[in-house]
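*Asks:* What follows is a predicted protein model with its sequence.
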Amino acid sequence: MDRSFVAENARALERLKALLSRLSDGDLTILVNEYWSVAGVFGHLAFWDGRALLMAGKLTRGEPFTPSDDEPEDVDWINDSIRPLVHAIPPRTMAELALTIAEETDNAMAALPASIVEGIDERSPLNLVRAQHRDEHLDEMEAALKAR
């Protein structure tokens, strides 16, 4: 069974930690794009990692996924709806919360028994590889910080 997602997630988590450790409070307010600050992107990551944590919890409790657990094709409305909430949280608090949720999520993913992991495929509402999403947004944040 392929459990390479554990190492991938750990690598991306370390990258997240390293970025946060070198950011000033001012850096967290820099815009990554016209809608999201650096802290806001951390909040976006926290939301989606939190969703994965919830999905992993369902599986751990033996609860099957239901149709309502599926992500819609277009998640822009979800991201747009959480944006005001994550930007309302103080930037340092938001970024630190994102790190805490990422750690909890990675621990939950790593603890999933083989019997559960084997049943997760590309149609599953749970993406075990959190690193893909984190890396995408870490690249964006680093580019915005470098460009300032």
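*Replies:* Great, that's in hand. Residues are numbered from 1 along each chain as shown.

*Asks:* Enumerate the positions of the lengthiest helix in the chain that are buried.
*Replies:* Ordering each helix of the chain by length in residues (DSSP state H) puts helix 38-60 first. For helix 38-60, the neighbour count (16 or more other CB atoms under 10 Å) marks 38-53, 55-56, 59 as buried. All C-beta atoms are positioned from the backbone trio N, CA, C, and that covers glycine.

*Asks:* Likewise for stretch 17-33?
*Replies:* Here stretch 17-33 shows Leu19, Leu20, Leu23, Asp27, Leu28, Ile30, Val32 as buried, counting by 16+ other CB under 10 Å.

*Asks:* These: which two are farthest apart?
*Replies:* Leu20 and Val32 (14.4 Å; CB to CB).

*Asks:* Could I get the full set of helices for the chain?
*Replies:* Here the chain has its helices, by DSSP H, at 4-22, 38-60, 76-88, 91-111, 114-117, 130-147.

*Asks:* Could you say which of these is packed most deeply?
*Replies:* Mean neighbour count, computed with mean count of other CB atoms under 10 Å, is highest for helix 38-60 among these, reaching a mean of 22.

*Asks:* For that helix, name the packing helices and strands.
*Replies:* Applying 3 or more CB pairs under 8 Å, 6 or more residues apart in numbering; DSSP states H and E, one finds that helix 38-60 makes contact with helix 76-88, helix 91-111, helix 130-147.
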